[in-house]
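Asker: Attaching a predicted model along with its sequence, questions to come.
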Amino acid sequence: MVGTSKEQVLFVGVLSLATAGLSFGIKDLMAKWPTEFGPWGALFFLVLGVALIGQYTSAYVTDDGDDTAKGAD
């Protein structure tokens, strides 16, 4: 993502997963979905959270911390 740090991506991903979890929890407590989107809203936040956390982990794994120019001896 352009203009965002890895920590921001992780934070938004965790918030998305929490939103999905709350949606499923509210559905269980109230016997209905909290929004008019039904299960699709919760599923959207679940997929978004997994995608963002996956992006964070892939960026974390591929970042070796070496800021020197590649190929320069």
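Answerer: On my side now, so go ahead.

Asker: What's the mean pLDDT across the one helix or strand residue 55 maps to?
Answerer: Assigned by DSSP states H and E, residue 55 belongs to helix 39-62. In this model, helix 39-62 has a mean pLDDT of 85.

Asker: From the contact counts, what lies against it?
Answerer: helix 6-30 (3 or more CB pairs under 8 Å, 6 or more residues apart in numbering; DSSP states H and E). For every residue, glycine as well, the C-beta is placed using N, CA and C.

Asker: Provide a list of residues in contact with the residue nearest to residue 10 when sequence neighbours are not counted.
Answerer: In space, and not counting its chain neighbours, residue 10 is closest to residue 56: 4.3 Å by CB to CB, 6 or more residues apart in numbering. With contacts defined as CB atoms under 8 Å, 6 or more residues apart in numbering, residue 56 is in contact with 6, 9, 10, 13.

Asker: Quick one: neighbours of the closest residue to residue 35 other than its chain neighbours, just the number.
Answerer: Distances taken as CB to CB, 6+ apart put residue 41 closest to residue 35, at 4.8 Å, once the chain neighbours are dropped. Residue 41: 16 surrounding residues under other CB atoms under 10 Å.

Asker: State whether residue 41 and residue 26 are indeed in contact, as I suppose.
Answerer: No: shown here, residue 41 and residue 26 do not form a contact pair, counting by CB atoms under 8 Å, at 10.9 Å.

Asker: what is in contact with those two at once?
Answerer: Taking CB under 8 Å, 6+ apart as the criterion, residue 41 and residue 26 both touch 33, 34.

Asker: Distance of the most centrally placed residue in the chain relative to residue 29?
Answerer: What sits nearest the mean C-alpha location of the chain, by CA atoms, centre = their mean, is residue 13, with 2.1 Å. With distances taken as CB to CB, to the nearest Å, residue 13 is found 25 Å from residue 29.
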